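>>> pasting the sequence and the predicted coordinates here, then a few questions.
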Amino acid sequence: MAGKTGSMAELVGSNEGTILPEWVDLQKKAGSLQTGRITENKLVSQSREFLHLLRDGLAKGGNDAHNPAYAGQTDARRYFPFACASGILAE
């Protein structure tokens, strides 16, 4: 199991250059910028930050958010309400 935890974090980290632009493009196509509540630069910055938090969480606790390793990783858990308020997940 430990091998899978490390490899998933490594996979996200080593593919960030592919994941980030594709994810940002999907968010833009979904209308994230249309509300005017977030700029494209902020969208990219916050998406990059979330990917880093995800990678760190995967490295520490795998894909189980209830894993004790996530106890100190509250930034990732709090990110989605922040993303909603700032417009990343705007409807």
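Structure's in. What do you need?

>>> next secondary structure element downstream of the helix or strand hosting V12?
In this assignment (DSSP states H and E), V12 forms part of helix 2-14. Sequence order places helix 16-29 as the next helix or strand after helix 2-14, per DSSP H and E.

>>> can you list the buried residues in the helix ranked longest in the chain?
Determined from DSSP state H, the single longest helix within the chain is helix 40-61. By neighbour count, with 16 or more other C-beta atoms under 10 Å as the criterion, the buried positions of helix 40-61 are 43-44, 46-47, 50-51, 53-61. Just so you know, the C-beta spots here come from the backbone N, C-alpha and C atoms, and that holds for glycine as well.

>>> again, but for stretch 8-28
8-9, 12-13, 16, 19, 23-24, 27.

>>> which residues touch that stretch?
40, 43-44, 47-48, 51, 54-56, 58-59, 62-63, 88 (C-beta atoms under 8 Å, 6 or more residues apart in numbering).

>>> okay, those in JSON lines with distance to S32 and pLDDT next?
Shown next, in JSON lines, are the contacts of stretch 8-28 (distance: C-beta to C-beta, whole Å; pLDDT from 0 to 100):
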{"residue": "E40", "distance to S32": "9", "pLDDT": "93"}
{"residue": "L43", "distance to S32": "6", "pLDDT": "90"}
{"residue": "V44", "distance to S32": "11", "pLDDT": "93"}
{"residue": "S47", "distance to S32": "10", "pLDDT": "89"}
{"residue": "R48", "distance to S32": "15", "pLDDT": "91"}
{"residue": "L51", "distance to S32": "16", "pLDDT": "86"}
{"residue": "L54", "distance to S32": "18", "pLDDT": "80"}
{"residue": "R55", "distance to S32": "22", "pLDDT": "85"}
{"residue": "D56", "distance to S32": "24", "pLDDT": "81"}
{"residue": "L58", "distance to S32": "24", "pLDDT": "82"}
{"residue": "A59", "distance to S32": "27", "pLDDT": "84"}
{"residue": "G62", "distance to S32": "29", "pLDDT": "75"}
{"residue": "N63", "distance to S32": "25", "pLDDT": "73"}
{"residue": "I88", "distance to S32": "6", "pLDDT": "46"}
